[in-house]
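>>> predicted model and sequence below, questions to follow.
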Amino acid sequence: MEKDFSRRSFVKGMAVGTLAGYFGAAGLSSTVFKSQLLPKEKVNLVDIGQIKGLKIKVISETSWYDNNVFLNDVKKAGGLLVNQYEIPWTREGVKAGYLGDNLGGFSTYIEAELMDGKVMKILLDSGWNPHWMDKRFKEEGIAEKLAKKEIDFQVISHEHIDHFFGIESTMRHYPDIPMYVPKGFYQDGFDLLKGKSFPKANVKNDHPHKGKVTVLDSKQVNVLYPGIALMTFDVPIILRVFGEQAFVFNVKDKGIVLVTGCCHQGIISYMEEVRKKIVGGEKIYAVQGGLHISPFEDWDPQYDDLIMAFNKYGVQKIGCNHCTGFITAEKMIKAGLPVVKGTARHMSKRDIYLGNGDELVIT
Amino acid sequence: MEEDVKEVKKEKGWGSGILLGLLVGIVLFVLTYQLLLMAK
Ligand SMILES: [Fe+2]
Ligand SMILES: [Fe+2]
């Protein structure tokens, strides 16, 4: 028996076997048994608490009136990466504009009822054109609420022109309003807040901010009050802006409600982050605000996938506006998504957006 | 004739070699996998 045994064959066999065993095990473990073998990702779900109800009112979602004029301003200045404080924005002679001015702005007013019955009043963003914003703030009673210091705090979603350059419209009424800005805010932004003017971009603030400014970080979910949180994203954005934050509300018996400014972080990554980090995040009840999909009304086939992906989250109310894009809103309606219609008033162009003066109430 | 038989018989050893090899290969893989995990 021993004599028949070839040592050479045995060694050859072992070499083949070892290679096959090693790579076979590697192959199997990375495919068939992947889910059992990969170390579990640590999930630290944050319980943000609950609120009773929520009222979201669009003060202005008409950021600018003529897309072509806007894009032309950017193009003339050198393109989408140019610093927004250095671009001479067109403010006269625009037919579609507000009194000839192409600039409008973005701002949303939010009332969130805490479980103890206290109503938190929040102003998200401050628009762009101060004349337009003053008018809208007056029409919707925001100016009065600011003057009476009834509004608890202001959140700046991101530093973009249409959300932040109209800061004077808030400051003239309530210069010590507590503010939350996202990490990534440029010094220019803090300077404008403190009263500096930028003549080239035609922006000024004659009412310096005197209150507390809190810079929020992307490292954690920032719970401001029970049921009210902000999530900050480290995103580089066009026109030299960095970082954006958006609201996460948790409404009792309804679920998570997301309120955004521009959503440059991407609506799907935003919803994914909420799912991954927040207790109850698997049930996103409503999304409101700018969804930043086709702001310039151009269409890319990949946006279709985005709309399809929306279905997966089971969102029951979508109140979109501003940089979402009318094409996107149309496609979402066509795809059967629950887009909440507006009234196309106060210079908002179409009712497929939740437009100026429109409300989304969740109780 | 006797030589031929011897030749065939000498081929023995492949099977057990492969079996042991497989075992060693898998153990080796598991070891490197664990090492990689620890290094992480
Ligand atoms: Fe915007
Ligand atoms: Fe933006």
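Okay, I see it. Ligands and ions are numbered 1, 2, ... in the order given.

>>> let me see the contact set for the residue lying closest to residue A:114 once chain neighbours are set aside.
Using Cβ to Cβ, 6 or more residues apart in numbering or on different chains and skipping residues adjacent in sequence, the residue nearest residue A:114 is residue A:51, 5.7 Å away. (Glycine included, C-beta is placed from N, CA and C.) If you count contacts by Cβ atoms under 8 Å, 6 or more residues apart in numbering or on different chains, residue A:51 has them with A:112, A:113, A:114, A:115, A:225, A:226, A:227, A:228, A:249, A:250, A:251, A:252.

>>> got a pLDDT number for the fourth one?
Just to be clear, that refers to residue A:115. On the pLDDT scale, residue A:115 is placed at 97.

>>> contacts only, for it.
Going by Cβ under 8 Å, 6+ apart, residue A:115 touches A:49, A:50, A:51, A:52, A:226, A:227, A:252.

>>> any idea how far residue A:225 is from the spatially closest residue to the fifth one that is not a sequence neighbour?
Among residues not flanking residue A:226 along the chain, residue A:49 sits closest, at 3.2 Å (Cβ to Cβ, 6+ apart). According to Cβ to Cβ, to the nearest Å, residue A:49 stands 8 Å off from residue A:225.

>>> what's the answer for residue A:151, then?
Noted for residue A:151: a distance of 14 Å to residue A:225, by Cβ to Cβ.

>>> ok, these two, which is more surrounded?
Higher neighbour count among residue A:151 and residue A:225: residue A:151, with 22 against 17, using other Cβ atoms under 10 Å in any protein chain shown.

>>> what pLDDT does that one get?
At residue A:151, the model reports a pLDDT of 98.

>>> separation between it and residue A:59?
Computed as Cβ to Cβ, the residue A:151 to residue A:59 distance reads 12 Å.

>>> please enumerate the helices of chain B.
Counting by DSSP state H, one finds helices in chain B at the ranges B:2-10, B:14-39.

>>> distance of the residue of chain B found nearest ligand 2 from residue A:38?
Using Cβ to the ion, the closest approach of chain B to ligand 2 is made by residue B:40 at 37.9 Å. In this view, residue B:40 and residue A:38 are 12 Å apart by Cβ to Cβ.

>>> who has more neighbours, these two?
residue A:38 (10 against 6).

>>> show me the contacts for that one.
If you count contacts by Cβ under 8 Å, 6+ apart, residue A:38 has none.

>>> tell me the confidence at the nearest residue in space to residue A:172 that is not next to it in sequence?
Excluding its sequence neighbours, the residue lying closest to residue A:172 (Cβ to Cβ, 6+ apart) is residue A:207, at 4.7 Å. Note for residue A:207: predicted pLDDT of 97.

>>> just checking, residue A:207 touches residue A:176?
No: Residue A:207 is beyond contact range of residue A:176, at 10.5 Å (criterion: Cβ atoms under 8 Å).

>>> more crowded one of these two?
Applying other Cβ under 10 Å to residue A:207 and residue A:176 shows that residue A:207 carries more neighbours, namely 16 against 11.

>>> quick one: mean pLDDT over stretch A:160-169.
Mean per-residue pLDDT for stretch A:160-169: 98.

>>> is ligand 1 contacted by stretch A:236-247?
No: applying Cβ under 5 Å from the ion, one finds stretch A:236-247 out of contact with ligand 1, separated by at least 9.5 Å.

>>> can you pull out the low-pLDDT segments for chain B?
B:1-10 (pLDDT under 70).

>>> where does it get nearest to ligand 1, residue-wise?
Closest residue of chain B to ligand 1, Cβ to the ion: residue B:40 (40.5 Å).

>>> and that residue, how close does it get to residue B:34?
Remark: distance between residue B:40 and residue B:34 (Cβ to Cβ) = 11 Å.

>>> now the helices for the stretch 1-150 of chain A?
Taking DSSP state H, counting those that start in this stretch, the helices of the stretch 1-150 of chain A run over residues A:7-30, A:34-37, A:67-77, A:130-139, A:142-147.

>>> helices or strands up against the last one?
Meaning helix A:142-147. If contacts are counted by 3 or more Cβ pairs under 8 Å, 6 or more residues apart in numbering or on different chains; DSSP states H and E, helix A:142-147 sits against strand A:119-124, helix A:130-139.

>>> of those, which approaches residue A:102 most closely?
Evaluated with Cβ to Cβ, these place helix A:130-139 nearest to residue A:102, the distance being 10.4 Å.

>>> quick one: contacts of that closest one?
The contact list for helix A:130-139 (Cβ under 8 Å, 6+ apart) reads A:59-60, A:98-99, A:101, A:103-105, A:107, A:126-127, A:142-143, A:146, A:166, A:168-170, A:172-173, A:346, A:356-357.

>>> for ChimeraX, what selects the buried ones among these?
Filtering the contacts of helix A:130-139 down to the buried ones (16 or more other Cβ atoms under 10 Å in any protein chain shown) takes a single ChimeraX command:
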select /A:59,60,98,101,103,104,105,107,126,127,142,143,146,166,168,169,170,172,173,346,356,357
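
>>> quick one: low-confidence ranges for the stretch 101-250 of chain A?
Residue ranges of the stretch 101-250 of chain A with pLDDT under 70: none are present.

>>> which bits of it sit near ligand 2?
Going by Cβ under 5 Å from the ion, the residues of the stretch 101-250 of chain A near ligand 2 are residue A:160.

>>> the residue of the stretch 101-250 of chain A found nearest chain B: neighbour count?
Proximity of the stretch 101-250 of chain A to chain B (Cβ to the nearest Cβ) peaks at residue A:219, 21.1 Å away. Counted by other Cβ under 10 Å, the residues lying close to residue A:219 total 9.

>>> do the one 4 residues further on as well
As a burial measure, residue A:223 scores 17 neighbours (other Cβ under 10 Å).

>>> which element is it on?
Secondary structure assignment for residue A:223, by DSSP states H and E: strand A:222-225.

>>> so what strands line up beside that strand?
In the sheet, strand A:222-225 lines up against strand A:228-237 (antiparallel) (DSSP bridges).

>>> helix or strand right after the strand it pairs with?
The first helix or strand that comes after strand A:228-237 along the chain, using DSSP H and E, is strand A:241-251.

>>> what about the next helix or strand after that following strand, near ligand 1?
Counting by DSSP H and E, the next helix or strand C-terminal to strand A:241-251 is strand A:255-260. No: on the criterion Cβ under 5 Å from the ion, strand A:255-260 is out of touch with ligand 1, staying 9.6 Å away.
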